[in-house]
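Colleague: coordinates for the following, if possible.
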Amino acid sequence: MVGICSFAISSFAATWDMPTPYPDKTFHTINIIEFANDVEKATNGNLKIKIHSAGSLFKHPEIQKAVRGGQVPIGEFFLSLLSNENAVFGADSQPFLATNYQEADKLWKAQKPVIEKLLDKQNLMPLFSVPWPPQGLYTKKPINNVDDLKGIKFRAYNATLEKFANLVGAAPTQVEVPDIPQAFATGRVDAMITSPSTGANSKAWDFITHYTDIQAWLPKNIVVVNKRAFRKLSKADQTAVLAAAAAAEKRGWEMSVKETAAKTAILKDNGVTIVTPSKELMSGLKQVGEEMLKDWKEKAGTEGNVLLEAYNN
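Modeller: Sure, this is the predicted structure:
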């Protein structure tokens with residue numbers, strides 16, 4: 001992409017362009033804007049991070065490659081988008097492996113060392129990671145069991161969700177967050193699994209009637225930096241960036257917890273029927289999750305086994 005000033009370094013200051021996939025009102029983006037402000041303040045203006053939200057600089061699937069290739073020095077993306085590169089990246093999107101914040105935190109502690117090694121080979125370094133609220137099921141009708149999902153056109157956002165849709169007999173279609181309302185309006189999709197955040201921000205009440213709180217998984221976004229860009233900073237500014245990143249991770253997890261309750265309430269207030277899933281539905285979904293985990297273990301190999309052992313212990 002022409003004209004991107006990714007390493008605009010003068011004798012006084014550096015400006016980092018940072019692509020993010022989500023709109024400004026998304027809590028992840030709000031957190032990142034605060035992170036950028038913290039960095040500028042802590043470095044006394046030596047480093048400024050310019051946020052390009054909602055895929056305005058690079059589309060979501062391009063962001064990791066853009067940071068890796070040095071087109072931009074820093075970026076945010078959905079971690080399990082990389083699961084096609086290595087299954088370990090998709091551990092947090094495995095259905096019903098970690099279904100609450102305590103389990104998600106435990107999983108991230110097990111996942112992070114493996115992720116760091118994999119990203120290091122790509123000249124990338126993770127700065128922080130923040131989970132989405134537990135994922136729920138959005139539909140135009142009540143869903144009482146897995147069979148009710150058969151034949152439904154289903155929004156997918158990564159390989160794991162594509163497989164999930166196929167296993168329950170739905171028809172997966174890749175749709176990014178900004179395109180959700182149009183995809184429903186044009187009939188490309190009829191259902192999706194996503195967070196209360198994305199549902200409320202997309203005004204899901206305009207195109208669905210039911211939100212079933214299946215708490216399928218808590219997938220994470222990750223912010224990574226190009227290692228060459230990071231090394232160009234002074235030691236003091238490197239320390240400041242890492243401190244701001246640690247604060248952003250802590251703050252982001254707290255924001256996510258609050259987001260779950262607040263955005264679920266917004267869905268309800270706008271007429272969406274909030275449904276506690278039936279035992280029959282959860283039993284069927286968990287069977288699908290167990291089948292997917294077996295397949296994931298085979299693909300993830302030794303690294304996956306190390307991760308799961310650390311998580312389970």
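
Colleague: and Gln71, how far is that from Leu57?
Modeller: If you measure Gln71 against Leu57 using CB to CB, to the nearest Å, the figure is 9 Å. No exception for glycine: its C-beta is placed from N, CA and C like everyone else's.

Colleague: worst-scoring helix or strand of the protein, pLDDT-wise?
Modeller: Of all helical and strand segments in the chain, the minimum by mean pLDDT, DSSP states H and E falls on strand 8-9, at a mean of 42.

Colleague: C-terminal to that strand, what's the next element?
Modeller: Where DSSP states H and E defines the elements, the next helix or strand beyond strand 8-9 is strand 14-19.

Colleague: just checking, what packs against that following strand?
Modeller: Judged by 3 or more CB pairs under 8 Å, 6 or more residues apart in numbering; DSSP states H and E, strand 14-19 is in contact with strand 47-52, strand 74-78.

Colleague: so Phe184 touches Lys203, yeah?
Modeller: No: with contact defined as CB atoms under 8 Å, Phe184 does not count as touching Lys203 (10.2 Å).

Colleague: just to revisit the earlier point, just name the most buried of the helices and strands packed on strand 14-19.
Modeller: Comparing those by mean neighbour count (mean count of other CB atoms under 10 Å), strand 74-78 ranks first with a mean of 27.

Colleague: right, and the helix or strand after that one?
Modeller: The first helix or strand that comes after strand 74-78 along the chain, using DSSP H and E, is helix 101-120.

Colleague: each with direction, which strands does the helix or strand following that following helix pair with?
Modeller: Where DSSP H and E defines the elements, the next helix or strand beyond helix 101-120 is strand 124-131. Using DSSP bridges, the strands paired with strand 124-131 are strand 220-226 (antiparallel).

Colleague: who touches the strand it pairs with?
Modeller: 28, 32, 35, 64, 67-68, 70, 72-80, 92, 104, 108, 115, 119, 123-132, 241, 245, 248 (CB atoms under 8 Å, 6 or more residues apart in numbering).

Colleague: in that strand, what counts as buried?
Modeller: Buried residues in strand 220-226, counting neighbours by 16 or more other CB atoms under 10 Å, are found at 220-226.

Colleague: please apply the same query to stretch 191-204.
Modeller: Of the residues in stretch 191-204, 191-202, 204 count as buried by neighbour count, 16+ other CB under 10 Å.

Colleague: looking at those residues, which are in helices?
Modeller: In this view, the buried residues of stretch 191-204 that belong to helices under DSSP state H are 196-201.

Colleague: pretty sure Leu267 contacts Trp205?
Modeller: Yes: under the criterion of CB under 8 Å, Leu267 makes contact with Trp205 at 6.8 Å.

Colleague: tell me which of the two has more neighbours.
Modeller: When neighbours are counted by other CB atoms under 10 Å, Leu267 comes out ahead of the other of Leu267 and Trp205, with 21 against 18.

Colleague: where's the more buried one relative to Lys203, distance?
Modeller: From Leu267 over to Lys203 the distance is 10 Å, taken as CB to CB.
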